[in-house]
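**Q** Quick check, what structure comes out for this input:
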Amino acid sequence: AAERKFFLSHPSYRHMADRCGTVFLQKQLNQQLTNHIRETLPSLRDKLQRQMLGLEKEVAQYKHFQPNDPSIKTKAMLQMIQHLQQDFERAIEGSGADGVNTMELSGGAKINRLFHERFPYEIVKMEIDEKVLRKEIAFAIRNIHGIRVGLFTPDMAFEAIVKTQIGRLREPSLKCIDLVVQELTNVVRAVTEKMQRYPRLREEAERIITTYIREKEQACKEQVMLLVDFQLAYMNTNHEDFIGFANASSDSQNAENTGKKLGKVTNQVIRKGYMAINNLGVMKGIGGSRSYWFVLSSESLSWYKDGEEKEKKFMLPLEQLKLRDLESSFMSRGHMFAIYNPEGRNVFKDFKTLDLSCEAQDDMDSWKASFLRAGVYPEKQTSEGTVGEGEEEGERRESVDPQLERQVETIRNLVDSYMKIVTTSCKDQVPKIIMFLMVNDAKAFINGELLAALYSTGDTQNMMEESADEALKREEMLRMYHACKEALNIIAEVSNVTLGGGASKMSTPSYGQSNAAPARRPPPPSASPRLPPARPAPGGLPPPLVPSRR
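**A** You can find the predicted model right below:
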């Protein structure tokens, strides 16, 4: 009251007393604060609404969650197993677009690559040792004839060599099974990651499925071994695709080309893709490697500047070329292999080798399998390294009898014809055995028997115990959700005050006076002595605001 009395009684301020003092300052500050709140509330409300909307999807399952409720545990277990079944089905069959791996092959796609690229590659790699095979045929013919001079080609030599070649199919077949088991295990580990909320349930489910796959792996290997034994038990020389002895003799002149290129069609495109050439830059003194778009056909290897195939850099004929693996150098972190001419000739221009590299091991395996289809085989290795010239000359000295040479050529054609039949059957039957006995059976087990196997352990309550991290995450998420909800309620109340015209309610009343009644200027008190008029300060300004002391 003293402050207001001072402004009303002072001649320099009485004309603007309503705009002076603490009361007026409070009103102005309240109005500025109200305007600031009115400007910032919409963006703050939108931010909280977006955050709350993002939390609602995850909090929906936690709103009425009781960790110790048996019914909730049972429902959660059923949902987890159902999601696992769906995820495993999608991983193998490739159905759906949720969570697709865009970085590498996985699941059914990788198993498909194992069936159609890696497994044929292992089989073809088994058939490349042409000189050793001819040497074995010559020894078999001589041992069958014994001390006698043979006038006719013995069919027992054909059977002995074919049985040896068929027996070699066991290793790539079993290796294919091992690779499929490894991929299935990776799929199981990936699909059970969503069960990490219940670590014991995840661990038990993964253990049960993996154990079942291992059991089926053994049955699958036994069946594949039986398949090989079936082929060894009986040589069906009446097969419609078998050339027979008469045709084998007449086709001797084509023996060098027989069986070397699988499924070769005139200039058929086998594969396209990017690879890096590593030795060109080194030759030119610039170092490093450069990527090109390669097109591999059954007769040549071409590379272009890019995938549009407009600017061709070079076309390399594949005749008499071989490939070998290389160790990655400090200038290339990828997986490398080289194409070269075994006679030491330049592969193209002034280069003895063409060093190629791929970023991933899977890509390199696919390219090597494609080169095998085109007739480019790996270099021949022995226990002491690459075969030397002295050994080749020794082999040539072994085969000096023209009649023996003709018999070897005949048996070689027969073996090649029959092995084509057997390997074709093997490449068709082994994937079917794996799918039937292991992959499809694993899907059926997960869909029909996994839940019963989990209940048969008798420890479902302990398996459904939450991890400490999951409980902490749930509490934190619920706390954030309720905090956002409370904040939105507060903002709604403030909006009603600031945006609804109630700004005056936020101002502080002045010295006990009612806001409803307008402030009146009280008459000057008659009892108190009248103060003399203050002298104006120099320059005509009013005196400083100093209240009177009483």
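**Q** can you pull out the strands in the chain?
**A** With strands called from DSSP state E, the chain shows them at 269-277, 290-297, 300-304, 312-317, 322-326, 335-340, 353-358, 377-378, 381-382, 385-386.
**Q** export those strands to TSV and tack on mean pLDDT, mean neighbour count and distance to Pro431?
**A** In this view, the C-beta of every residue, glycine as well, is placed from N, C-alpha and C. Putting the strands of the chain into TSV (pLDDT from 0 to 100; neighbours: other CB atoms under 10 Å; distance: least, CB to CB, whole Å) gives the following:
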stretch	mean pLDDT	mean neighbour count	distance to Pro431
strand 269-277	86	17	20
strand 290-297	87	18	24
strand 300-304	89	19	29
strand 312-317	86	13	33
strand 322-326	82	17	26
strand 335-340	85	20	25
strand 353-358	86	22	24
strand 377-378	76	18	24
strand 381-382	44	11	28
strand 385-386	43	10	34
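**Q** would you turn those into a markdown table with distance to Leu41?
**A** Formatted as a markdown table, these follow (distance: least, CB to CB, whole Å):
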| stretch | distance to Leu41 |
| --- | --- |
| strand 269-277 | 55 |
| strand 290-297 | 55 |
| strand 300-304 | 61 |
| strand 312-317 | 64 |
| strand 322-326 | 67 |
| strand 335-340 | 59 |
| strand 353-358 | 58 |
| strand 377-378 | 73 |
| strand 381-382 | 77 |
| strand 385-386 | 80 |
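**Q** Can you show me the helices along the stretch 351-500 of the chain?
**A** 361-373, 389-398, 402-434, 440-448, 450-456, 460-463, 468-498 (DSSP state H, counting those that start in this stretch).
**Q** which one of those helices lies closest to Val180?
**A** Nearest to Val180 among these is helix 402-434 (5.4 Å), distances taken as CB to CB.
**Q** Relative to Pro11, which of the strands of the chain is closest?
**A** strand 290-297 (91.8 Å).
**Q** If you count contacts, what does that closest one end up packed against?
**A** If you count contacts as 3 or more CB pairs under 8 Å, 6 or more residues apart in numbering; DSSP states H and E, strand 290-297 packs onto strand 269-277, strand 300-304, helix 361-373.
**Q** Give me the sheet partners of the shortest one and which way each runs.
**A** This means strand 300-304. Sheet neighbours of strand 300-304, with direction, are listed as strand 290-297 (antiparallel), strand 312-317 (antiparallel) (DSSP bridges).
**Q** Other residues contacting the longest one?
**A** By that I understand strand 290-297. By CB atoms under 8 Å, 6 or more residues apart in numbering, the surrounding residues in contact with strand 290-297 are 267-277, 280-281, 301-307, 309, 313, 356, 367, 370-371, 374.
**Q** Just the C-alpha atoms of it, please, in PDB.
**A** Output of strand 290-297 as PDB, limited to C-alpha atoms (Å, rounded to 0.1, in the frame of the first residue of the first chain):
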ATOM      1  CA  ARG A 290      39.400 -52.400 -59.900                       C
ATOM      2  CA  SER A 291      35.900 -53.900 -60.300                       C
ATOM      3  CA  TYR A 292      34.400 -54.900 -63.600                       C
ATOM      4  CA  TRP A 293      31.200 -56.500 -64.700                       C
ATOM      5  CA  PHE A 294      32.000 -60.100 -65.800                       C
ATOM      6  CA  VAL A 295      30.000 -62.300 -68.200                       C
ATOM      7  CA  LEU A 296      31.000 -66.000 -68.100                       C
ATOM      8  CA  SER A 297      29.800 -68.200 -71.000                       C
END
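**Q** re earlier: and the strands of the chain: which comes nearest Arg142?
**A** strand 381-382 (22.5 Å).
**Q** coming back round to it: tell me which of the helices and strands packed on strand 290-297 lies nearest to Ile208.
**A** Of all the helices and strands packed on strand 290-297, it is helix 361-373 that lies closest to Ile208, at 29.7 Å by CB to CB.
**Q** List the buried residues for the closest one?
**A** 362-373 (16 or more other CB atoms under 10 Å).
**Q** Show me which of those residues is closest to Gly94.
**A** Closest to Gly94 out of the buried residues of helix 361-373 is Asp362 (16.8 Å), distances taken as CB to CB.
**Q** Skipping its backbone neighbours, what lies nearest the closest one in space?
**A** Among residues not flanking Asp362 along the chain, Leu105 sits closest, at 6.2 Å (CB to CB, 6 or more residues apart in numbering).
**Q** And Glu3, by the same measure?
**A** Nearest one to Glu3, counting by CB to CB, 6+ apart, is Gly21 at 5.2 Å.
**Q** Just give me the neighbour total for that neighbour.
**A** 17 (other CB atoms under 10 Å).
**Q** Arg474 too?
**A** Residues near Arg474, counting by other CB under 10 Å, number 18.
**Q** Next one: it from Glu3, what distance?
**A** Applying CB to CB, to the nearest Å, the value for Arg474 to Glu3 is 57 Å.
**Q** can you check His36 too?
**A** Look at His36 and Glu3: by CB to CB, they are 27 Å apart.
**Q** Please produce a markdown table containing the helices and strands packed on strand 290-297, extended by distance to Asn143.
**A** Below are the helices and strands packed on strand 290-297 laid out as a markdown table (distance: least, CB to CB, whole Å):
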| stretch | distance to Asn143 |
| --- | --- |
| strand 269-277 | 40 |
| strand 300-304 | 43 |
| helix 361-373 | 32 |
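**Q** do you know which of the ones you listed lies nearest Arg345?
**A** Here strand 300-304 is closest among the helices and strands packed on strand 290-297 (CB to CB), at 15.8 Å.
**Q** got the angle for the closest one vs strand 335-340?
**A** Strand 300-304 and strand 335-340 meet at an angle of 120 degrees, taking axes from the mean of the first three to the mean of the last three CA atoms, to 10 degrees as the criterion.
**Q** Identify the residues contacting strand 300-304?
**A** Contacts for strand 300-304 (CB under 8 Å, 6+ apart): 267, 275, 277, 292-295, 310-318, 339, 374.
**Q** what residues are up against Val162?
**A** By CB under 8 Å, 6+ apart, the contact list for Val162 reads 235, 415, 418-419, 422.
**Q** Among those residues, the buried ones, what's the PyMOL command?
**A** Buried members of the contacts of Val162, defined by 16+ other CB under 10 Å, are picked up in PyMOL with:
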select buried, resi 235+415+418+419+422
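**Q** Show me the helices in the stretch 151-300 of the chain, by range?
**A** With helices called from DSSP H, counting those that start in this stretch, the stretch 151-300 of the chain shows them at 155-167, 170-191, 199-233, 244-250, 279-284.
**Q** Which elements pack onto the third one?
**A** So that's helix 199-233. On a contact count with 3+ CB pairs under 8 Å, 6+ apart, helix 199-233 meets helix 70-93, helix 155-167, helix 170-191, helix 402-434, helix 440-448, helix 450-456, helix 460-463.
**Q** mean confidence score for the second one?
**A** Same thing as helix 155-167. Mean per-residue pLDDT for helix 155-167: 84.
**Q** Run the chain-centre distance for it.
**A** 44 Å (CA atoms, centre = their mean, to the nearest Å).
**Q** Which residues belonging to that helix are considered buried?
**A** In terms of neighbour count (16+ other CB under 10 Å), helix 155-167 has its buried residues at 157-162, 165-166.
**Q** Which of His36 and Glu3 has more residues huddled nearby?
**A** Ranked by neighbour count (other CB under 10 Å), His36 and Glu3 place Glu3 first, with 16 against 11.
**Q** Nearest to Met225, out of the helices and strands packed on helix 199-233?
**A** Closest to Met225 of these is helix 170-191 (CB to CB; 6.6 Å).
**Q** Which positions within that closest one qualify as buried?
**A** 170, 172-174, 176-177, 179-181, 183-185, 187-188, 190-191.
**Q** Who are the packing partners of the lengthiest helix in the chain?
**A** With secondary structure taken from DSSP state H, the chain has its longest helix at helix 22-59. Under the contact criterion of 3+ CB pairs under 8 Å, 6+ apart, helix 22-59 touches helix 468-498.
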